[in-house]
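Asks: Can you look at this prediction? I've put the sequence above it.
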Amino acid sequence: MAMEKILSFLNQIRRNNNREWFEKNKNKYLEAKQLFEDFLEALYKELLKFDESLAGLNPRKQAFRIYRDVRFSKDKRPYKVNMGAAFSPHGKMEQEPGYYIHLEPGNCFVAGGLYMPSAENLARVRQEIDYNGEVLMQILRSRNFRKYFSGLDDFDKLKTAPKGYAKDHPMIDLLRHRSFVVSYAFSDAEVNHKMFVKNVAAVCRAIKPFNDFLKTAVDE
């Protein structure tokens, strides 16, 4: 019921993305925000069962604001049409591997990894793949990983070999990535299921070895 209310509000803000409607219906937003934070608190308890690096976070503070920054965007809609949150050791996946949850009607998913790393961190990850690529391949081939993912998302990937690496490098497909992210989609019906928190946690558990590999790279 709680997740259903969140998706219902997001459907409404999608149809009425203006400040006048939002102010008149701010109680609906505050209710959805509260329910989302309750969900994050429950999820955090599950995440701590297998990822102690997240200890000390305030789960209710891991959500992203619903207000859009429209200063440099042609899209002037003031509000996001999703609710999202991220968990990583220092907060919200700022230049470190973590877990991301995205709720949006018809586009709900869980993701993990390292999104748009700095040039320095990108170089570190590529070096780790160059030196220990077989370790990463074992993670990507593991049964638990393959249960949810077919491989890395390829939305941010070079068309050719990165500078300093041969085109016939055995790990060239991985080295071409500029973001190292995996994601798993949930239907709206699955989001509304009573086992959703547990199911999200199960996906995150499958992501953890991938995150650990990336963490080893950026922490060196």
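Replies: Here it is on my side, so go on.
Asks: What ranges does this structure have for its helices?
Replies: Using DSSP state H, the helices of the chain run over residues 2-15, 19-24, 26-47, 119-141, 143-146, 172-175, 188-191, 196-219.
Asks: so can I have a markdown table of those showing mean neighbour count, distance to Lys76 and mean pLDDT?
Replies: (Each C-beta comes from the backbone N, C-alpha and C, glycine too.) A markdown table is the format used below for these (neighbours: other Cβ atoms under 10 Å; distance: least, Cβ to Cβ, whole Å; pLDDT from 0 to 100):
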| stretch | mean neighbour count | distance to Lys76 | mean pLDDT |
| --- | --- | --- | --- |
| helix 2-15 | 17 | 15 | 96 |
| helix 19-24 | 12 | 11 | 96 |
| helix 26-47 | 17 | 19 | 98 |
| helix 119-141 | 16 | 31 | 97 |
| helix 143-146 | 13 | 40 | 98 |
| helix 172-175 | 18 | 38 | 97 |
| helix 188-191 | 14 | 28 | 98 |
| helix 196-219 | 20 | 32 | 97 |
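Asks: Tell me which of those lies nearest to Gly91.
Replies: When the helices of the chain are compared by Cβ to Cβ, helix 26-47 sits nearest Gly91, at 12.7 Å.
Asks: any chance of the helices of the chain in a markdown table, plus distance to Val70?
Replies: Shown next, in a markdown table, are the helices of the chain (distance: least, Cβ to Cβ, whole Å):
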| stretch | distance to Val70 |
| --- | --- |
| helix 2-15 | 15 |
| helix 19-24 | 12 |
| helix 26-47 | 18 |
| helix 119-141 | 28 |
| helix 143-146 | 38 |
| helix 172-175 | 36 |
| helix 188-191 | 27 |
| helix 196-219 | 30 |
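Asks: how much space between the residue found closest to Gly113 once you drop the neighbours it is linked to in the chain and Ala2?
Replies: Nearest non-adjacent residue to Gly113, counting by Cβ to Cβ, 6 or more residues apart in numbering: Val181, 4.1 Å away. Look at Val181 and Ala2: by Cβ to Cβ, to the nearest Å, they are 27 Å apart.
Asks: Nearest the geometric middle of this structure, what residue?
Replies: By Cα atoms, centre = their mean, the chain has its centre lying nearest to Tyr100, at 2.5 Å.
Asks: Enumerate the beta-bridge partners assigned to that residue.
Replies: Ala86, Ala111 (DSSP bridges).
Asks: isn't it right up against Leu114?
Replies: No - Tyr100 is beyond contact range of Leu114, at 11.0 Å (criterion: Cβ atoms under 8 Å).
Asks: how many neighbours does the residue nearest to Gly113 have?
Replies: Other residues within reach of Val181, judged by other Cβ atoms under 10 Å, total 21.
Asks: and stretch 69-77, what's its mean pLDDT?
Replies: The average pLDDT within stretch 69-77 is 85.
Asks: how about it as PDB, C-alpha atoms only?
Replies: Backbone C-alpha positions of stretch 69-77 (Å, rounded to 0.1, in the frame of the first residue of the first chain) are rendered in PDB as follows:
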ATOM      1  CA  ASP A  69      17.900  22.300 -11.000                       C
ATOM      2  CA  VAL A  70      16.600  24.000 -14.100                       C
ATOM      3  CA  ARG A  71      19.200  26.700 -14.400                       C
ATOM      4  CA  PHE A  72      21.100  25.100 -17.300                       C
ATOM      5  CA  SER A  73      18.300  22.900 -18.700                       C
ATOM      6  CA  LYS A  74      15.900  23.500 -21.600                       C
ATOM      7  CA  ASP A  75      13.400  21.400 -19.600                       C
ATOM      8  CA  LYS A  76      12.000  23.800 -17.100                       C
ATOM      9  CA  ARG A  77       9.700  21.400 -15.200                       C
END
